[in-house]
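My questions concern the predicted model and sequence given below.
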Amino acid sequence: MLRRHFIKNTALTTAGMMVLTRQLRAAGDGLTDYLSNLSHLSLDERIRSETLWRAVGRHFNPADDFVNLEYGYFSPSTLQTLEQELADARMVNARSAHYFRREMYGDVERVRAELADMAGVLADEVCLTRNTTESMNIVINGLDTAPGDEIIYGDQDYGSMIQVLRMKSARYGVTLKRVKIPLQPASDDEIVNVYEEAITPRTRLLHMTHMYNYSGQVIPVRKICDMGHRHGIESVVDAAHTFAHINYTIPELNCDYFAASLHKWLCAPVGLGILYVKAEKIPDVWPLFGDVFTDRDDIRKLEHMGTRPVHQVLALSEAIRFYRILGGALREGRLRYLSRRWMDQVRGRERVVVNTPADPARHGALGNVGIKGVDSRDLASFFLDRHHILTVEKSMKDLFTGVRVTPGIPTPSAHADRFAEAIDDALLHFD
């Protein structure tokens, strides 16, 4: 009796989830139609249209007890992607080992192909990981090096990546060369030259971050990669904050290795990442987890992590679908517009220090701002406690202090204006 009730209730719940998922999918299709009706508007007009972005915002469900300006941690999924993830979790739970042993491979390969197509690369060059950190660890730990080989990295690179570089150095005698990246560069060449001047005959790898998570600065990785290749040096790019944020495909960067988190700007389920390895480089990368059976030139050798929550992978298809509805140019333009909206209001005010480059080409959504004489932790607390605006303290010793401010796809422009007003209030409060 209990078993029959359980089966009946499970079937009803699953059917209900399928209906809801279809309804939400239809809402996404409605957004496609809505956008097509705005084709007469210029890109800039669509970027600034609050009516359009209210329609986009209805595909998300943010909490209403605070203003989220910390989308840099991760971007919540759309309602469509969330419901797809839940439906896939129920399906996997119901089909159990039968799914994992007989059906999963084809589904994962389908998603891999969709992600590769979006990224502009071959499916056989894409590895599905859990985040940028895992992807970067696979490359850095997986490349053979000799004592005295050099890896060049930037002083604003992400802390977790610097930790794995230091571990690599301690274990294998690799020499790490840290270069200082200008906060307000006058030109791309100024940054490229910093890397090039550090190169010696022993340099093995250029390690770079496309967009710094502290300041939001975007660096010219294509030019750095091109320069490195002229010297016969490989490059690895941490693109955690630019993939599906800045409008590009991976080949446009001309890097050898590329890593990103899909739960940031692609709005995929939390716990998904991408690793790209140029096809001819795959045999040279050792897996992070032991795998001696997969062919050396098969990217899948780098995915051997045991049983994984595959429902997250399956829901990635819906995140990619939503990304394509808006398109890369519109998303990038909107995110930069939101950051410029608050930065342009406060840049140049007495005591306010914007630690993000003023050149729009050198930043996206991420921005960093501080007030002279104010501890950035106190500033972040002030914004949250008094104005219910979530930011995060992001300071770099001997470089700058401030809070990171990151609007997202669901952010209305009124939230950017509200933050600018909160800075004005902070100037009075911390006078």
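Yes, it's here. Residues are numbered from 1 along each chain as shown.

Would you map the helices across the stretch 1-150 of the chain?
Counting by DSSP state H, counting those that start in this stretch, the stretch 1-150 of the chain has helices at residues 2-36, 43-48, 50-57, 79-102, 104-119, 132-142.

Can you tell me which of those is most buried?
Comparing these by mean neighbour count (mean count of other CB atoms under 10 Å), helix 132-142 ranks first with a mean of 23. C-beta coordinates here come from the backbone N, C-alpha and C atoms, glycine included.

Domain map for the chain?
99-322, 329-429 (automatic domain parsing).

can you redo those as JSON lines with mean pLDDT and distance to residue 84?
Output for the domains of the chain, formatted as JSON lines (pLDDT from 0 to 100; distance: least, CB to CB, whole Å):
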{"stretch": "domain 99-322", "mean pLDDT": "97", "distance to residue 84": "4"}
{"stretch": "domain 329-429", "mean pLDDT": "97", "distance to residue 84": "17"}
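
just to revisit the earlier point, what's the closest of the helices of the stretch 1-150 of the chain to residue 199?
helix 132-142 (18.4 Å; CB to CB).

can you pull the alpha-carbon coordinates of that closest one into PDB?
C-alpha atoms of helix 132-142 as PDB (Å, rounded to 0.1, in the frame of the first residue of the first chain):
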ATOM      1  CA  THR A 132      37.500  27.500 -12.700                       C
ATOM      2  CA  THR A 133      39.700  26.400  -9.800                       C
ATOM      3  CA  GLU A 134      39.400  22.700 -10.700                       C
ATOM      4  CA  SER A 135      40.100  23.500 -14.400                       C
ATOM      5  CA  MET A 136      43.200  25.600 -13.600                       C
ATOM      6  CA  ASN A 137      44.500  22.900 -11.200                       C
ATOM      7  CA  ILE A 138      44.200  20.300 -14.000                       C
ATOM      8  CA  VAL A 139      46.400  22.300 -16.300                       C
ATOM      9  CA  ILE A 140      48.900  23.600 -13.800                       C
ATOM     10  CA  ASN A 141      49.400  20.300 -12.100                       C
ATOM     11  CA  GLY A 142      49.100  18.300 -15.300                       C
END
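
Distance from it to the middle of the chain?
Relative to the centre of its chain, helix 132-142 is centred 15 Å away, using CA atoms, centre = their mean, to the nearest Å.

Who are the contact partners of residue 343?
Residues near residue 343 by CB atoms under 8 Å, 6 or more residues apart in numbering: 354, 356, 367, 369.

Show me which of those is closest to residue 317.
residue 367 (31.7 Å).

beta partners for the closest one?
Going by DSSP bridges, residue 367 is paired in beta bridges with residue 405.

Quick check: it touching residue 216?
Yes: in terms of CB atoms under 8 Å, residue 367 counts as a neighbour of residue 216; the distance is 5.2 Å.

Ok, which of the domains of the chain comes nearest residue 54?
domain 329-429 (7.1 Å).

Span of the closest one from start to end?
One end of domain 329-429 to the other measures 39 Å (CA to CA, to the nearest Å).

re earlier: intersection of neighbour lists for residue 367 and residue 216?
Listed as contacting both residue 367 and residue 216 by CB under 8 Å, 6+ apart are 339, 356, 404, 406.

Can I get those in CSV including distance to residue 223?
Compiled in CSV, the shared contacts of residue 367 and residue 216 are given as follows (distance: CB to CB, whole Å):
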residue, distance to residue 223
339, 23
356, 20
404, 26
406, 26
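
Relative to residue 79, which of these is nearest.
For the shared contacts of residue 367 and residue 216, the nearest to residue 79 is residue 406 (21.2 Å; CB to CB).

got the residue ranges for the helices in the stretch 151-300 of the chain?
Using DSSP H, counting those that start in this stretch, helices in the stretch 151-300 of the chain cover 159-172, 188-196, 221-230.

export these to TSV and tack on mean neighbour count?
TSV is the format used below for the helices of the stretch 151-300 of the chain (neighbours: other CB atoms under 10 Å):
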stretch	mean neighbour count
helix 159-172	15
helix 188-196	18
helix 221-230	19
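
now residue 238, nearest residue through space, not along the chain?
residue 209 (4.5 Å; CB to CB, 6 or more residues apart in numbering).

List the residues that contact the one you found.
Counted by CB under 8 Å, 6+ apart, residue 209 has contacts 154, 156, 157, 158, 161, 219, 237, 238, 240.

Now stretch 407-414: buried residues?
Residues of stretch 407-414 classed as buried by neighbour count (16 or more other CB atoms under 10 Å): 407, 408, 409, 410, 411, 412, 413.

JSON lines please, covering those and showing distance to residue 201 and secondary structure.
Compiled in JSON lines, the buried residues of stretch 407-414 are given as follows (distance: CB to CB, whole Å; DSSP: H, G, I helix; E, B strand; the rest coil):
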{"residue": "407", "distance to residue 201": "45", "secondary structure": "coil"}
{"residue": "408", "distance to residue 201": "45", "secondary structure": "coil"}
{"residue": "409", "distance to residue 201": "46", "secondary structure": "coil"}
{"residue": "410", "distance to residue 201": "50", "secondary structure": "coil"}
{"residue": "411", "distance to residue 201": "48", "secondary structure": "coil"}
{"residue": "412", "distance to residue 201": "54", "secondary structure": "coil"}
{"residue": "413", "distance to residue 201": "52", "secondary structure": "helix"}
